[in-house]
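>>> need a structure here:
(chains A, B, C and D)
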Protein chains: 4
Amino acid sequence: MIPLHSHPSGRHFLQIPGPTNVPDRVLRAIDNVTIDHRGPEFGELGKAVLAGMKKVFKTDANVVIYPASGTGAWEAALVNTLSPGDKVLMAETGHFATLWKKMAERLGLQVEFQEGDWRHGADPEQIGARLAADTQHQIKAVCVVHNETATGVTSNVAAVRQAIDAAGHPALLMVDTISSLGSVDYRHDEWGVDVTVAGSQKGLMLPPGLAFNAFSAKALAASETAALPRSYWDWKEMLAINPRGYFPYTPATNLLYGLHEALDMLFAEGLENVFARHQRHGEATRRAVRTWGLEVLCLKPDEYSPALTAVLMPEGHSADALRKTILTNFDMSLGQGLSKLSDKVFRIGHLGDFNDLTLCGTLSGVEMGLQKAGVPHNKGGVQAALDYLAQTSQAHPG
Amino acid sequence: MIPLHSHPSGRHFLQIPGPTNVPDRVLRAIDNVTIDHRGPEFGELGKAVLAGMKKVFKTDANVVIYPASGTGAWEAALVNTLSPGDKVLMAETGHFATLWKKMAERLGLQVEFQEGDWRHGADPEQIGARLAADTQHQIKAVCVVHNETATGVTSNVAAVRQAIDAAGHPALLMVDTISSLGSVDYRHDEWGVDVTVAGSQKGLMLPPGLAFNAFSAKALAASETAALPRSYWDWKEMLAINPRGYFPYTPATNLLYGLHEALDMLFAEGLENVFARHQRHGEATRRAVRTWGLEVLCLKPDEYSPALTAVLMPEGHSADALRKTILTNFDMSLGQGLSKLSDKVFRIGHLGDFNDLTLCGTLSGVEMGLQKAGVPHNKGGVQAALDYLAQTSQAHPG
Amino acid sequence: MIPLHSHPSGRHFLQIPGPTNVPDRVLRAIDNVTIDHRGPEFGELGKAVLAGMKKVFKTDANVVIYPASGTGAWEAALVNTLSPGDKVLMAETGHFATLWKKMAERLGLQVEFQEGDWRHGADPEQIGARLAADTQHQIKAVCVVHNETATGVTSNVAAVRQAIDAAGHPALLMVDTISSLGSVDYRHDEWGVDVTVAGSQKGLMLPPGLAFNAFSAKALAASETAALPRSYWDWKEMLAINPRGYFPYTPATNLLYGLHEALDMLFAEGLENVFARHQRHGEATRRAVRTWGLEVLCLKPDEYSPALTAVLMPEGHSADALRKTILTNFDMSLGQGLSKLSDKVFRIGHLGDFNDLTLCGTLSGVEMGLQKAGVPHNKGGVQAALDYLAQTSQAHPG
Amino acid sequence: MIPLHSHPSGRHFLQIPGPTNVPDRVLRAIDNVTIDHRGPEFGELGKAVLAGMKKVFKTDANVVIYPASGTGAWEAALVNTLSPGDKVLMAETGHFATLWKKMAERLGLQVEFQEGDWRHGADPEQIGARLAADTQHQIKAVCVVHNETATGVTSNVAAVRQAIDAAGHPALLMVDTISSLGSVDYRHDEWGVDVTVAGSQKGLMLPPGLAFNAFSAKALAASETAALPRSYWDWKEMLAINPRGYFPYTPATNLLYGLHEALDMLFAEGLENVFARHQRHGEATRRAVRTWGLEVLCLKPDEYSPALTAVLMPEGHSADALRKTILTNFDMSLGQGLSKLSDKVFRIGHLGDFNDLTLCGTLSGVEMGLQKAGVPHNKGGVQAALDYLAQTSQAHPG
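Sure, this is the predicted structure:
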């Protein structure tokens, strides 16, 4: 038997910023029998999920789905559009931006990394300035993380596009939405993104195992000459067979069942309602954090993440010790601080399949954890969240 | 498709006092393929669940399992031990005690109903006095509800037994544990109960559909002469075939899978730990209620239910309106007031597969609901619960 | 862990005549979270399944659903309509007719049992003759088993009704359809049945645990004066609350989810298609049996059961030894011979969620089992079935 | 709702040579809630599945697991060990060998493709001869498909190793076991394989979505200097963190639950028993094919695949028309002929979670399909299989 069952009574609170709590409907969908991935039923499924993902990306262009982690979608974005030695401009927003940068280097790209303090999003002005200076157009792509999962900071993608355009620069714009898609408003076409990278295990409410690229005609054109070797990630073969709902190699059938169900759920709630829900839960969380007297890592209010909140520990207190106290006492998993934030922050995921009372339980776990772990704080954080939630809640029609 | 999916995002809070939140492990167990109920695997299953239920009842005597609701177990207790016209003494502890009484009357028994105010448990003294007066031993059975699901009041079963014994009266003692078994300490043998009645959908963490009787040698002897007609509920045929793990008619195979899993979970946590957990959650709930300035229905502290708390509404305020506000705004189901308590109380279930953070979410839903519904109350109920829970929480070893 | 997993590789063939192979869709439906049985979603579910069951019974009259085994539905039929000492006429078609008779006697009814050889259905002529002789109308009910699960013999219910009418007798007609409903054509209203008894675990493709009564206005009127004590089974309370989709006591929520799904499946296939499928599989099975040189227990072709086939063993050969050989060698469960047929017949279930290739696998298991067990037979039974199935198969439109 | 439910009654026969029929136990395991992939429970899971996979590969060396299709494992094998322009020797055993070759070319490798007729395995002599001629050791790797899914032909991997050794050549030996691992005897260490490639959806009885590499110390050493760009597939980061049960990026958590369960099942049956079962089913299938008068594609008996059988259609008859007849009439999916075998062969998968009666159903579907589709054949194929299966079956101890 799978070693999953050592938990005490009740439901585990999985409040890391992904993988998120997978809804029962999605788990049950995944549990359906595997079918022939070349048969007629599969074709219907394939077409439905590809069409649905376009709606989620808000694109009329191209979408592909890989049996892979989100990390694979990063790689797909790079190898389909770039050639060995190409220069890319990346913004250091945090741990995941840094990992993407490392990947690019390992693939043989030259990365120019605009330094950041891990408390702000990508800086459109700085990006614009750099591109303006690149008169020879050596920079082939600008890569930005929409929602830094390590910091709870979002970047203004539309502004980055405007900066690129203002500089009259032809670089492709690539955006990682792994922890934002399906939780935070995102508009591939309207914002002029060339390649969007996504994964299944966050706002899409699925287990990990599916990765996505959405890409513009310009990106597709770039792939014609891009010389990085590629096969598994190659867009071309995908596009050739996807219109009939099939894939060039065996797709992750059962996860696609889950995707179908998750898309149904997102569209039934309405994407704009989903985004508003996440905004509201983010605000409630920050009110609790401030009442506790703790500091939200993100410094600019218009960059607050609706998907997660990273919280700075008071000097001299260990975030990991706190997380362990919370895990062992209250059966809740929180996100750890990553690399240079290790042990300095903890992260509260409030994304995916989530609601007011689960948020209240989550914040209660944090507040009780602070008390158990002897972390200096003011009481009343949960109360502050309750006040805000009660004030802003609405009766559900259904 | 089943009309189950109109809920908004996140998990519904099912905080009625049963059916309770069925753990995923139990649901998945139920979802196994149905097997031959006369084959060798089934025999193993049957023996295991019967043995496990004896541990839960704390009895070495007899246990039978019916494909039925808990209501069926009431009927089984009566028709196996009594004859038409027999007199039984019942204690009016609330709605469910009253339903059991009505059932007894419909089955042709004469019920003497000791009046109650629905805020106290059965009164051992009053029972003892009545039995002492029954010098001709016309009363054949005393029926008591261990945990009145309608009121959140428990009865002292051991004291009732002592009262019967002190009166030197041969009446059988029958106890309804439908909403206590598996949540509240219960000891069939030690407390000298003759027939215990139970159901699957509360502390046993199963969907409804299984009903149980545990019964003493004395009750079994009574069944030899009991003249109420019976067939489906007859103990005798059950006892004849149960030792090999089989049943006289087709059992509810898949629910028995769930029972097997639920027993595993209860024993892994440890029954005494399960009881302590419920006690602690009851206390946290009452602290919240008192802080809100509301009144717990149960009047005697030693009769507080560890499984649910019934809360009186302030004069002029509707419990049902509050429950509706909470359901539509916060996606939580609470128990309604039943019959004479209709609209006057709401009931918070805190039994079954449950933990601190889910309780915090539950109480948060109540507190926000009071605010949304304009029910006069003091803030801070959740905070009071948090303080108590944090103070008394313990790290889980696993 | 449930002791279900000792099977060797592949899927067990559960070819007893019920419980039948529960479709994955139904198991998954049952696996949904339990909801508030007094909440709005449940009301929708309740109304849907009650309406669906009327279609299955082909009745516009009354249908009730119990959390119980089919055996409970037998009891419900009797206790709602009859009084202690009432005389009922029953036809001895086999083991289950005999069990129903025993139940009636234990409930205090006087049963006149028309003897049978367990190889024929109920005899309408004999029933008519007996009723005609009952000029004082002492017989209150005629009870017939539509499909004798022990013998694979059906009874002509419409002809029994005509015989009753021809005798001008007011007796109620009660019919057990436990192993026919949803597999064999059945028409409660058209055939003039007063009470139909059914269970979940056969043609309805559910696990055991739900029981049904459909009943006419005449039966309901009889219940007004019927004096057998009843409470759990009482129709009246059911009818009072069912129209809103609710039940007087806690229903078996999760099995009702399964019922909803199973009804969807039956209606999607079309009831008449379902019946034709069973007819065809019965014929294929009998062709195999005859080719083997074995004897079908049922003696009259117009009484062959479309749901199961009972096969007589050659003299001196043990049916149970054969079944054991088949179970241990080929992982298939077949039905045993019951009471006086013990060890003399084995029963092949071909009902419920079933198709041509599973039938071929089933018959292959029997043919190989005959060979392994040294039972004298001719080869070619499977071939005969293949010929018939290929000849009569049709392309599925979907 | 997922468009999966248009099937007629009963269970679909998924007899393509993968994805195979996923056992209920595995589907249910996958359906468990997603957990924190950096938490303690996950670490236990990770260690268990990595250890289990070593047993399946029969290796003490290295095993890594990717969230990917088997195709990804091909790519991982190449990019971890080779440099742009490296020469590899591949054996054209069929469609999948050809796809692997195309992938190698797209990744910038020079492939020497030893021509084959798609009816034989790789030729060790020819490989040995070529390597002996390669005195400058320009060939860096020899790539062989253990079980050609397109043809039902196996290759003798041990003999290939011996040929390499006899030539005194340092080339790495890479083997694709995507459709053999867990079904056909395979010995990574004993046979001296350097990189073994595998996927989840065949003998491992999982849905697609996991990919595996097992690799020798020599392969790992090669990866130190291999210059093909890589990041997602990089072994090094995997090996760094795997010992604690974790992965460098988010793993496919729920499919790993399924892997854990599937490994339990394989080890409970015993790998050698699993292999023998597949051998026996392959033989039964070929006896049926020969009786029908059809030709098995594989020409050498010692290269027959125990996992699938490809069958040649008689001249002038369409395999795809036959497959369609079988799908629409008998609800069974068979494998199609691929590329140059298109419409000329159909493939019967008999691998994974499978047993005698399901094989009998499968072969019955083929025989009836031949008849329905008007394909000239002799009857009696199923009978021939029955004879063989009955003769060779054994009672299961459990």
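>>> List the contacts of the lowest-mean-pLDDT helix or strand in chain A.
Least confident helix or strand, chain A: helix A:24-30 with a mean of 94, by mean pLDDT, DSSP states H and E. Here helix A:24-30 makes contact (Cβ atoms under 8 Å, 6 or more residues apart in numbering or on different chains) with A:205-207, A:254-255, A:257-258, A:260-262, A:265, A:353, B:5, B:11, C:28, C:31-33, D:2, D:30-33, D:254. Any C-beta I mention is one placed from the backbone N, CA and C, and that applies to glycine too.
>>> List the buried residues of that helix.
A:24-30 (16 or more other Cβ atoms under 10 Å in any protein chain shown).
>>> ok, now how distant is A:H37 from chain C?
Distance, A:H37 to chain C, by Cβ to the nearest Cβ, to the nearest Å: 18 Å.
>>> wait, does the helix or strand where A:E41 lies contact chain D?
Element membership for A:E41, per DSSP states H and E: helix A:40-57. Yes. Applying Cβ under 8 Å from any Cβ of the partner chain, one finds helix A:40-57 in contact with chain D at A:41, A:44-45, A:48.
>>> same deal with stretch A:195-202?
Yes. Figure legend: stretch A:195-202 in contact with chain D (Cβ under 8 Å from any Cβ); contacting residues A:199, A:201.
>>> Run the chain-centre distance for that stretch.
6 Å (Cα atoms, centre = their mean, to the nearest Å).
>>> Could I get the average pLDDT for it?
Stretch A:195-202 shows an average pLDDT of 98 in the prediction.
>>> quick one: which of the residues of helix A:40-57 next to chain D is most hemmed in?
Highest neighbour count within the residues of helix A:40-57 next to chain D: A:L45, with 23 neighbours (other Cβ atoms under 10 Å in any protein chain shown).
>>> could you list every residue that touches the residue nearest to A:G380 when sequence neighbours are not counted?
Leaving aside its sequence neighbours, A:G380 sits nearest to A:T291 (Cβ to Cβ, 6 or more residues apart in numbering or on different chains; 4.9 Å). With contact set as Cβ under 8 Å, 6+ apart, A:T291 has these partners: A:378, A:380-381, A:383-384.
>>> let's see it at 7 Å
A:378, A:380-381, A:384 (Cβ atoms under 7 Å, 6 or more residues apart in numbering or on different chains).
>>> ok, now A:R106?
A:R106 neighbours (Cβ under 7 Å, 6+ apart): D:229, D:231.
>>> Just the contacts of helix A:24-30: which are in helices?
A:254-255, A:257-258, A:260-262, A:265, C:28, D:30, D:254 (DSSP state H).
>>> Give the burial count for A:P84, as a bare number.
Quick note: A:P84 (other Cβ under 10 Å) scores 14 neighbours.
>>> same thing with the one 10 residues further on?
Using other Cβ under 10 Å, the number of residues around A:G94 comes to 28.
>>> A:L322 versus that one, what's the distance?
For A:G94, the distance to A:L322 equals 20 Å [Cβ to Cβ, to the nearest Å].
>>> now swap in A:W191 and tell me
With Cβ to Cβ as the criterion, A:W191 and A:L322 are 37 Å apart.
>>> secondary structure class for the residue nearest to A:G380?
helix (DSSP: H, G, I helix; E, B strand; the rest coil).
>>> pLDDT score for it?
At A:T291, the predicted lDDT confidence score is 98.
>>> Point to the residue nearest the middle of chain A.
Closest to where the C-alpha atoms of chain A average out (Cα atoms, centre = their mean) is A:S179, at 1.1 Å.
>>> Contact partners for it?
A:17-18, A:147, A:149, A:202, A:307 are the contacts of A:S179 under Cβ under 7 Å, 6+ apart.
>>> now it: how far from A:G352?
10 Å.
>>> do the same with A:I30
15 Å.
>>> what do you get for A:S393?
19 Å.
>>> Kindly report the same for A:A276.
Counting by Cβ to Cβ, the gap from A:A276 to A:G352 is 15 Å.
>>> Which one of these two is surrounded by more residues?
A:G352 (29 against 15).
>>> tell me the secondary structure for the residue nearest to that one when sequence neighbours are not counted?
Nearest residue to A:G352, sequence neighbours excluded (Cβ to Cβ, 6+ apart): A:T20, at 3.0 Å. Under three-state DSSP, the three-state class of A:T20 is coil.
>>> Pretty sure A:N80 sits in a helix.
Yes. A:N80 forms part of a helix when assessed by three-state DSSP.
>>> tell me, how many neighbours does it end up with?
23.
>>> Please tell me how far it sits from A:F215.
8 Å.
>>> which neighbours do the two share?
A:W235.
>>> ok, now which ones touch A:S339?
A:S339 sits in contact with A:H95, where contact means Cβ under 7 Å, 6+ apart.
>>> Got phi/psi on it?
Taking degrees, to the nearest 10, you get phi 40, psi -110 for the backbone angles of A:S339.
>>> Could you check the one helix or strand A:A276 maps to and say which residues are buried?
Per DSSP H and E: A:A276 is located in helix A:271-292. Within helix A:271-292, the residues that count as buried by 16+ other Cβ under 10 Å are A:274-275, A:277-289, A:291-292.
>>> Sketch out the low-pLDDT regions of the stretch 101-250 of chain A for me.
Nowhere does the stretch 101-250 of chain A drop to pLDDT under 70.
>>> and the residue of it nearest chain C?
A:M205 (16.0 Å; Cβ to the nearest Cβ).
>>> At the contact with chain B, which residues of chain A appear?
A:5-6, A:8-11, A:13, A:25, A:269, A:277, A:328-332, A:353-358, A:360-361, A:364-365, A:367-368, A:371-372, A:379, A:382-383, A:386, A:389-390, A:393-396, A:398 (Cβ under 7 Å from any Cβ of the partner chain).
>>> The nearest residue to A:K47 once chain neighbours are set aside and A:L256, how far apart?
Spatial nearest neighbour of A:K47, excluding adjacent residues (Cβ to Cβ, 6+ apart): A:G245 at 3.9 Å. Applying Cβ to Cβ, the value for A:G245 to A:L256 is 10 Å.
>>> Equivalent analysis for A:H12, please.
26 Å.
>>> Compare the two (neighbour count), which wins?
A:L256 (30 against 21).
>>> which residues does the more buried one contact?
Applying Cβ under 7 Å, 6+ apart, the residues near A:L256 are A:45, A:49.
>>> Could you do the one 4 residues further on as well?
If a contact means Cβ under 7 Å, 6+ apart, then A:H260 has A:29, A:45, A:48-49, D:2 as its contacts.
>>> Does stretch A:138-149 reach chain D?
No. Using Cβ under 7 Å from any Cβ, stretch A:138-149 stays clear of chain D, with a minimum separation of 10.5 Å.
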